[in-house]
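Peer 1: Any chance you could fold what I've pasted below:
(2 chains)
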There are 2 protein chains.
Amino acid sequence: MSGSSSLAQARALDAEDELADYRGRFLPSGDEELTAYLDGNSLGRPPRATLDRITEFVRQEWGSRLIRGWSEGWLDLPERVGDRLGEVAVGAAAGQVVIGDSTTVCLYKLIRAAASARPERREIVTDDGNFPTDRYVVEGIAEELGMVVRWLETDPLTGVTARQVSDALGPETAVVTLSHIDYRSAAIVDMGEITRVTHAAGALIVWDLCHSVGCLPVELDELGADFAVGCTYKYLNAGPGAPAFMYARSDHHGLRQPVQGWLGRHDPFEMGPGYEPAAGIRRFVSGTPPILGLLGVSEGVELVAEAGIDRIRSKAVALTELAVTLTDEWLTPHGLRLASPRDPALRGAHITVTRPDAARLVDRIIAAGVLVDHRSPDGIRLGLSPLTTGFEELWRAMDTIRQLAAEPL
Amino acid sequence: MSGSSSLAQARALDAEDELADYRGRFLPSGDEELTAYLDGNSLGRPPRATLDRITEFVRQEWGSRLIRGWSEGWLDLPERVGDRLGEVAVGAAAGQVVIGDSTTVCLYKLIRAAASARPERREIVTDDGNFPTDRYVVEGIAEELGMVVRWLETDPLTGVTARQVSDALGPETAVVTLSHIDYRSAAIVDMGEITRVTHAAGALIVWDLCHSVGCLPVELDELGADFAVGCTYKYLNAGPGAPAFMYARSDHHGLRQPVQGWLGRHDPFEMGPGYEPAAGIRRFVSGTPPILGLLGVSEGVELVAEAGIDRIRSKAVALTELAVTLTDEWLTPHGLRLASPRDPALRGAHITVTRPDAARLVDRIIAAGVLVDHRSPDGIRLGLSPLTTGFEELWRAMDTIRQLAAEPL
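Peer 2: Reported below is the predicted structural model:
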């Protein structure tokens, strides 16, 4: 064994890793059987600070301040945490990001808002490899508004190209909605160019940042994006089912979102007749903010701020590079194929390898204490979350996969 | 001082209170200045069990089981906790209640689903005293579906009457949506009769149980209700912004809800093309369930189960009876008027008293360590949450209010 495939080399990468100490900022797994966690791209680990913050919150704020907490800071947490997330992770100036409902509900609100800006146009463009919930939301909206979905057929290995989008755009296109990073291959699409061609056709774009927020820099303001949503329980480590965020560029704050609730109203406690939307991003809020979930988002964002998104991105590249090298050396001989981009500039923080019997192989890998994802039909997804994944951990996981892949199933 | 207005009498009521020990099941407020908490109808206190459960969850489940948690019980928590809530608090057989998004989002989904069952009808009936978010959601839906809202003008003291609803119903009525208990006066409306007249007119009904769930028995199945939503952070003590529940009677599970997401799909992890709704109540789920919030709901429901909804209701009656007596004896002489029903059978678990300078008076009351609500323009709302409010606590709060009401403001 030589080069980057030796254990010594993996250890050397850990020794050089400027973010290595962040692993200690998360709660350890008490599970002795678990040797590697390669699913931080699906559910991030709990930061120690989150447990402390929630415990303190329940005792000192919920328990002691009680109802007063709402006027002492809880009520504007969606914007305050949103502003911070915008600054730290997605390149959004203050006043354009708010933490809200589930990713699905956020997508629904923003795609509807975008469609309302182009009421005379009848088409929504998305791709058949978009994350399932995005596709289902789009289908539902198209059905209720009498619109047509124009499906792009994409190669997961490249993700949607600007040319594909451009070819699909026309005078009927109201909204384009796409994922920044393909959830299977981790292919990064050209956000800037796709946003540009969408605008050139007079349409608006809604970006799904679920697989990019917190693992690489995103520049929403700079790229002129219209809307974006993203999940907080992956690389932001905010906890299972933690609320998603919505970005709406400030010049879209006059648009209507469909779920009109009291906490998106101007002066909600007046409780007056008639919905009058709040100024700014607040109008995208509907009901009472989920405070425990918001605290998880807040702590997760602060860890990313402290580590720095550029250093996180560098480590993601280094981790996926090692994973690709080991795939080539160890797994390809056993019939596994890399199904992610080879160019790290085009790749997020996970890789997928495929083999026809992936489902059974994943069962064996998990039983051996290496947590990975099976992605139907033939994918094995290895998530490499920069704040929590170590190089030796990855090396050992790949070694386990190599051994199991060599055995008859 | 004599009768039920003496401190001795209040203490006697505490001594006889079968639920008195439940106060110890909640975290104490560390706030020395706080002498009474009469806002449990707005935000319930934290159960000790909830803090323990969340702490254990973060360490042992999120932290140790990690992504495996989803297949080890998290994924069906919305239905499991829903079933339990249905059984314990709202009279719903299994398979008809699910815990989901905010109350506002839940209302949106269910009113839209109800409207889809009567596509040829153009009217939604509600009342101008309904809780603000209900009114705003209804306005938004009417606008998007080209429907008309027929507003009932109600007297908060009685709430909506079946006669009023009946008079407003017609061949154009698609949906009626009302609150079971008026959020100002605590007037209980006649759910059974209103449901009956609504059905007789061929319309469907969506009940808002925010101010009744957990403080009195509700019998959704028995009354033949179509849909209901309710909030969990009031009498269910699930925490600020905890997720609401949705009830959909089993024969309405074929209806379409608008926010089509992956976790409401049949076999979500197949991630296949096309939204195919899950069987049963699950189709009303959209995105990833908010697990921390769900744990709060679960613990809150278990406390209600243990205490028993009938005993909770009895104590609510006793508490509001004492509050009414003390209002008559102590507050009316100082210009405060009871704005809640005198008949306990028609009254939930809070009362409202009014005086034109209520806003300033409430500031003084709160500064004196008694937490109450101001309800614009002239209401002071006293919430008496049976599991956490004591009779002496109430007596002292009323004594404080009496003293402040007697002073010039």
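Peer 1: Please state the backbone phi and psi of the closest residue to chain B within the stretch 151-300 of chain A?
Peer 2: In the stretch 151-300 of chain A, no residue comes nearer to chain B than A:G287, which is 2.7 Å away by CB to the nearest CB. (Each C-beta comes from the backbone N, C-alpha and C, glycine too.) Per-residue torsions, A:G287: phi -100, psi -170 (degrees, to the nearest 10).
Peer 1: show me the biggest strand of chain A in terms of residues.
Peer 2: Using DSSP state E, we find that the single longest strand of chain A is strand A:173-179.
Peer 1: Would that one count as contacting chain B?
Peer 2: No. Strand A:173-179 does not reach chain B (CB under 8 Å from any CB of the partner chain); its nearest approach is 13.0 Å.
Peer 1: mean confidence score for that strand?
Peer 2: Across strand A:173-179, the average pLDDT comes to 98.
Peer 1: Can you name the residues bridging to the residue nearest to A:V362 when sequence neighbours are not counted?
Peer 2: Excluding the flanking residues, the one nearest A:V362 by CB to CB, 6 or more residues apart in numbering or on different chains is A:H374, at 4.0 Å. Taking DSSP bridges, one obtains A:I380 as the residues bridged to A:H374.
Peer 1: A:H374 and A:I365 touch, don't they?
Peer 2: No. Between A:H374 and A:I365 there is no contact under CB atoms under 8 Å: 9.1 Å.
Peer 1: Run a quick neighbour tally on the closest residue to chain B within the stretch 51-200 of chain A.
Peer 2: In the stretch 51-200 of chain A, the residue that lies nearest chain B is A:S102 (2.6 Å; CB to the nearest CB). The number of residues packed near A:S102 is 30, by other CB atoms under 10 Å in any protein chain shown.
Peer 1: And it, its phi and psi?
Peer 2: Backbone geometry at A:S102, expressed as degrees, to the nearest 10, gives phi -70, psi 160.
Peer 1: For it, give me the pLDDT.
Peer 2: As predicted, A:S102 sits at a pLDDT of 98.
Peer 1: Distance-wise, check A:A89 relative to A:G40.
Peer 2: To A:G40, A:A89 is 16 Å away according to CB to CB, to the nearest Å.
Peer 1: Looking at those two now, which is surrounded by more residues?
Peer 2: Comparing A:A89 with A:G40 by other CB under 10 Å, the one with more neighbours is A:A89, at 29 against 25.
Peer 1: OK, contacts around that one?
Peer 2: Remark: with contacts taken as CB atoms under 8 Å, 6 or more residues apart in numbering or on different chains, A:A89 is in contact with A:213-214, A:217-218, A:236, A:301, A:304, A:309.
Peer 1: That one belongs to a strand?
Peer 2: No. A:A89: not assigned to a strand; according to DSSP: H, G, I helix; E, B strand; the rest coil it is helix.
Peer 1: and the closest residue to the residue of the stretch 51-200 of chain A closest to chain B other than its chain neighbours, what does it touch?
Peer 2: Distances taken as CB to CB, 6+ apart place B:G287 nearest to A:S102, at 2.6 Å, with adjacent residues excluded. Residues in contact with B:G287 (CB under 8 Å, 6+ apart) are A:101-105, A:133, A:241, A:244, B:101, B:261-263.
Peer 1: Just the buried residues out of these, in ChimeraX syntax.
Peer 2: Only the buried entries of the contacts of B:G287 go into this ChimeraX selection, using 16 or more other CB atoms under 10 Å in any protein chain shown:
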select /A:101,102,103,104,105,133,241,244 /B:101,261,262,263
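Peer 1: Only the C-alpha atoms, please, for stretch A:354-365, written as PDB.
Peer 2: Taking C-alpha atoms only, stretch A:354-365 is exported to PDB below (Å, rounded to 0.1, in the frame of the first residue of the first chain):
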ATOM      1  CA  THR A 354     -22.600   1.900  -7.600                       C
ATOM      2  CA  ARG A 355     -22.900  -1.800  -8.000                       C
ATOM      3  CA  PRO A 356     -26.000  -3.800  -9.000                       C
ATOM      4  CA  ASP A 357     -26.200  -5.500  -5.600                       C
ATOM      5  CA  ALA A 358     -25.800  -2.300  -3.700                       C
ATOM      6  CA  ALA A 359     -28.800  -2.900  -1.400                       C
ATOM      7  CA  ARG A 360     -27.400  -6.100  -0.100                       C
ATOM      8  CA  LEU A 361     -23.900  -4.800   0.100                       C
ATOM      9  CA  VAL A 362     -25.100  -1.800   2.100                       C
ATOM     10  CA  ASP A 363     -26.700  -4.100   4.600                       C
ATOM     11  CA  ARG A 364     -23.400  -5.800   5.100                       C
ATOM     12  CA  ILE A 365     -21.500  -2.500   5.400                       C
END
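Peer 1: list the helices and strands the helix or strand of chain A with the lowest mean pLDDT packs on?
Peer 2: Taking mean pLDDT, DSSP states H and E as the measure, the helix or strand of chain A with the lowest value is strand A:373-375, at a mean of 94. On a contact count with 3 or more CB pairs under 8 Å, 6 or more residues apart in numbering or on different chains; DSSP states H and E, strand A:373-375 meets helix A:358-367, strand A:379-383.
Peer 1: now those in CSV, with mean pLDDT and mean neighbour count?
Peer 2: Listed next are the helices and strands packed on strand A:373-375 as CSV, based on pLDDT from 0 to 100; neighbours: other CB atoms under 10 Å in any protein chain shown:
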stretch, mean pLDDT, mean neighbour count
helix A:358-367, 97, 18
strand A:379-383, 98, 26
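Peer 1: Of all residues in chain A, which one is nearest the centre?
Peer 2: A:C210 (1.9 Å; CA atoms, centre = their mean).
Peer 1: Report the contact partners of that one.
Peer 2: A:C210 neighbours (CB under 8 Å, 6+ apart): A:103, A:131, A:179, A:181, A:183, A:229-231, A:234.
Peer 1: From those, which land in helices?
Peer 2: The helices, defined by DSSP state H, take in A:T103 from these.
Peer 1: Which of the three states applies to A:T325?
Peer 2: helix.
Peer 1: Show me what the helix or strand just after the longest strand of chain A is packed against.
Peer 2: Heading C-terminal from strand A:173-179, the first helix or strand you meet, by DSSP states H and E, is helix A:191-200. If you count contacts as 3+ CB pairs under 8 Å, 6+ apart, helix A:191-200 packs onto helix A:162-168, strand A:173-179, strand A:204-208, helix A:220-223.
Peer 1: would a markdown table of those with mean neighbour count be doable?
Peer 2: Compiled in a markdown table, the helices and strands packed on helix A:191-200 are given as follows (neighbours: other CB atoms under 10 Å in any protein chain shown):
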| stretch | mean neighbour count |
| --- | --- |
| helix A:162-168 | 17 |
| strand A:173-179 | 26 |
| strand A:204-208 | 27 |
| helix A:220-223 | 17 |
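Peer 1: so which of the ones you listed gets nearest A:H334?
Peer 2: Of all the helices and strands packed on helix A:191-200, strand A:173-179 sits nearest to A:H334, with 30.4 Å by CB to CB.
Peer 1: outside of that closest one, which residues touch it?
Peer 2: With CB under 8 Å, 6+ apart, strand A:173-179 has contacts from A:107, A:111, A:114-115, A:117-119, A:121-127, A:130-131, A:134, A:138, A:147, A:150, A:159-160, A:165, A:169, A:189, A:194, A:198, A:201-211.
Peer 1: Do a quick rundown of the helices in the stretch 301-409 of chain A.
Peer 2: A:309-326, A:358-367, A:391-406 (DSSP state H, counting those that start in this stretch).
Peer 1: Just the endpoints, please. Distance across stretch A:261-271?
Peer 2: Stretch A:261-271 has an end-to-end distance of 11 Å (CA to CA, to the nearest Å).
Peer 1: which residues of chain A score low on pLDDT?
Peer 2: A:1-4 (pLDDT under 70).
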